[in-house]
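>>> Could you look at this predicted model? Sequence included:
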Amino acid sequence: MFNSLFNRSDESKRAKIEKIYQSQRNRFPGIQEITPEELKEIESTENVTLVDTRTPAEQEVSMLPKAITVEQFQAHPEQFRGTKVVAYCTVGVRSGTFVKSLEQGGWDAYNLMGAILGWTHVDGGLTSTEGPTKNVHIHGPSMNLTAEGYKPVW
């Protein structure tokens, strides 16, 4: 699933992210998925709407650049029609559920596999209200699966 763009020193963290994600996939069967590598390849060439499904406290720490919240998406959903909607959370469970909820509406929606944790393993950019950051909200020490160079915050 996740390929060679990951830093070899982070291989065990990457494997744990994948294991967690795979263990929860039955909660949102049949959805479209996109890997962090694939998102990185298309983010500047395709019309993508990134939707962060995490809580406001998590979003305060960092978000993918140009991402919007679920609330922003739901307030004006039609303005995002015709875009590739890519949802993410910490590891991909909440965003998978969100993508599943969009199925009936005919959205071109994808779940970011491994979510923000996976994104760090392809050296993906993050931003906060103060500008670019390497901080990533996680749910305690057991979820310290960020790539080398990123700072877990809980």
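Arrived safely. Residues are numbered from 1 along each chain as shown.
>>> buried sites along the longest helix seen in the chain?
Under DSSP state H, the helix in the chain containing the largest number of residues is helix 11-24. Along helix 11-24, these residues count as buried under the neighbour rule (16 or more other CB atoms under 10 Å): 13-14, 16-18, 20-21. Backbone N, C-alpha and C define where each C-beta goes, glycine included.
>>> ok, which stretches of the protein are helices?
11-24, 36-42, 56-61, 70-75, 93-102, 115-120.
>>> and Asn135, which of the ones you listed is closest to it?
Closest to Asn135 of the helices of the chain is helix 56-61 (CB to CB; 5.1 Å).
>>> Check the average confidence over that closest one, would you?
For helix 56-61, mean pLDDT is 98.
>>> got the buried residues for that helix?
Buried, per 16+ other CB under 10 Å, within helix 56-61: 58-59, 61.
>>> now the helices of the chain in TSV, with distance to Ser128?
Below are these laid out as TSV (distance: least, CB to CB, whole Å):
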stretch	distance to Ser128
helix 11-24	22
helix 36-42	19
helix 56-61	7
helix 70-75	17
helix 93-102	19
helix 115-120	13
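>>> Done for today, thanks.
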